[in-house]
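Trainee: Everything below, folded, please.
(chains A and B)
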Amino acid sequence: MITQMHLKGLMFDPYNNAYIVVLRDEEGQDMLPIWVGKSEAGAISMALENVAPPRPMTHDFMKSILDAYDAKVISVVITDLNENTYFAKIHLMYEDSEYTVDARPSDAIALALRSNAPVFAKETVLNKQSSEELEQWLENLKPEDFGKLDS
Amino acid sequence: MSQANPIQGQALVEYKVDRVLDETNTDTKIVVLARQDGQPDAFPIWVGAAEGHAIKLALDTTLTPRPMSHDLIKSFVEHLNVTVRRVIIGDVKNSTYYATVYLENHGVERTVDARPSDAISLALRTHAPVYITQDVLARRNTTNLDSWLAKLDHKSVNQQEVKES
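Mentor: Here you go, the predicted structure:
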C-alpha cells in the first residue's frame, strides 16, 4: 500500500550537519523525515519557494531534458529507507509507455516538485520511521524551523 | 529548452576535463578543461562545490552506492533512448558561461540550455564530446592563465575571475 505525502518543510539538523526533508500524509498521522545533503536540500528549497534561478539548476536541467521529448513524471514513490541508504522510484510516461527509474528520494522529490507530480511513500517505509527519537526531535520544532534554508 | 541552434556554423574546439581543483578559500571548485587538438591550452571554469564534486565522481569513474543527480539524468536519457551527441559551451555573459546539450532520439534532435557544470557532468557520464566555440575562446578572460594555474597547484589562489552561476 502507498500513501500520498506532502512536503511540509525543510530544516537544518545541526547534529548531523545535514538537512531534513519532512513529508507528511494528508491527515498528519504519518511523518517521514528524509535526511539529505546541502545541495539536495537547496534543490528542493528552490522548488518549494518557487525561486527562479538565473540559470537552470541541475533538476531544472533534468526536467528540460524530459520536456524536450515530452516525457512526463507521473509520480514518485519512496520505496525504502535502509540505514543511510534511501530508495525512491520515479514513474515516467513516455510515448504511451511507463518507465520506472531508480533514484534517491532527494532527486525524486526535487523533480516531483518541478513536475507537479504526487509523492507517495510505501507503508513499510512509514512503519520503519516511527522511532521515539524522531518524535522527540520533531516535538521540539517550532513552526519557524520549517521551510527555511540557509545556503 | 528547444531552440534554434544559435551557434551553428561556428568553429568548435574540443576540450576534455583534465582535472577538478579545490578552491580552498571559497565553496567552489575549478574544472580545468584541456584542449584536444594539440595546442596546449587549459580552460578553467568555476563551479559550485556540489557541481564540481559531481564532475570529479564521473572523471574518476567512482561508483556511488546510490545514483547521484547526473546518474539519474543519464538513466532518464537511457530509458528514453536518447543519445547525448555533444555539449557546446557557446556563450559567455558577465563572466557566466552558457552551455547547450545536443540530444538525439531516432533522428529527432533537441537542444537543452544548461550550466556548463551540468552539461559536462552529463557528457562525462555519456561519453559525449565537449566543445567550446572559437567565439567564447576569443572572448574569455585573458589573464595569464598559465602562471595562474601554477599558483593554483600551490593552493594559494584566492581570486575568482570567471564564475559560473
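Trainee: contacts and neighbour counts: CA atoms only from here.
Mentor: Noted.
Trainee: Counting neighbours, what do you get for the residue nearest to B:T100 when sequence neighbours are not counted?
Mentor: Among residues not flanking B:T100 along the chain, B:D113 sits closest, at 4.7 Å (Cα to Cα, 6 or more residues apart in numbering or on different chains). B:D113: 23 surrounding residues under other Cα atoms under 10 Å in any protein chain shown.
Trainee: Am I right that B:D113 falls within a strand?
Mentor: Yes: under DSSP: H, G, I helix; E, B strand; the rest coil, B:D113 sits within a strand.
Trainee: Would you check that it makes contact with B:V101?
Mentor: Yes: the pair B:D113 and B:V101 passes the contact test of Cα atoms under 8 Å, sitting 6.5 Å apart.
Trainee: doesn't B:L21 fall inside a strand?
Mentor: Yes: the assignment for B:L21 is a strand, going by three-state DSSP.
Trainee: Looks like it contacts B:I30 (just checking).
Mentor: Yes: judged on Cα under 8 Å, B:L21 makes contact with B:I30 at a distance of 5.0 Å.
Trainee: okay, these two: which has more neighbours?
Mentor: B:I30 (24 against 20).
Trainee: The most centrally placed residue in chain A: which element?
Mentor: With distances taken as Cα atoms, centre = their mean, A:I109 lies nearest the centre of chain A, 3.3 Å away. For A:I109, the element it lies in under DSSP states H and E is helix A:105-115.
Trainee: for that helix, what is the average pLDDT?
Mentor: Taken as a whole, helix A:105-115 carries a mean pLDDT of 97.
Trainee: following it, which helix or strand comes up?
Mentor: strand A:119-122.
Trainee: residues touching A:T3, list them.
Mentor: Contact analysis of A:T3 by Cα atoms under 8 Å, 6 or more residues apart in numbering or on different chains lists A:25, A:120-123.
Trainee: show me where chain A has helices.
Mentor: A:38-48, A:58-68, A:105-115, A:123-128, A:132-139 (DSSP state H).
Trainee: roughly how far out does the shortest one sit from the chain middle?
Mentor: In this view, helix A:123-128 has its centroid 16 Å away from the chain centroid, taken as Cα atoms, centre = their mean, to the nearest Å.
Trainee: mind showing which ranges of the chain have poor pLDDT?
Mentor: Reading this off chain A. A:83-84, A:129-151 (pLDDT under 70).
Trainee: Hmm, no, I was thinking of chain B.
Mentor: B:1-9, B:141-165.
Trainee: and it, which of its residues are near chain A?
Mentor: B:1-2, B:50, B:65-70, B:72-73, B:75-77, B:79-80, B:110-115, B:118, B:165 (Cα under 8 Å from any Cα of the partner chain).
Trainee: Give me every residue in chain A lying close to chain B.
Mentor: A:39, A:54-59, A:61-62, A:64-68, A:85, A:94, A:99, A:101-104, A:107.
Trainee: Now which of those would you call buried?
Mentor: A:39, A:56-59, A:61-62, A:64-67, A:94, A:99, A:101-104, A:107 (16 or more other Cα atoms under 10 Å in any protein chain shown).
Trainee: Only whichever of the residues of chain B next to chain A are buried, select them in PyMOL.
Mentor: Burial among the residues of chain B next to chain A is assessed by 16+ other Cα under 10 Å; the matching PyMOL selection reads:
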select buried, chain B and resi 1+2+50+67+68+69+70+72+73+75+76+77+80+110+111+112+113+114+115+118+165
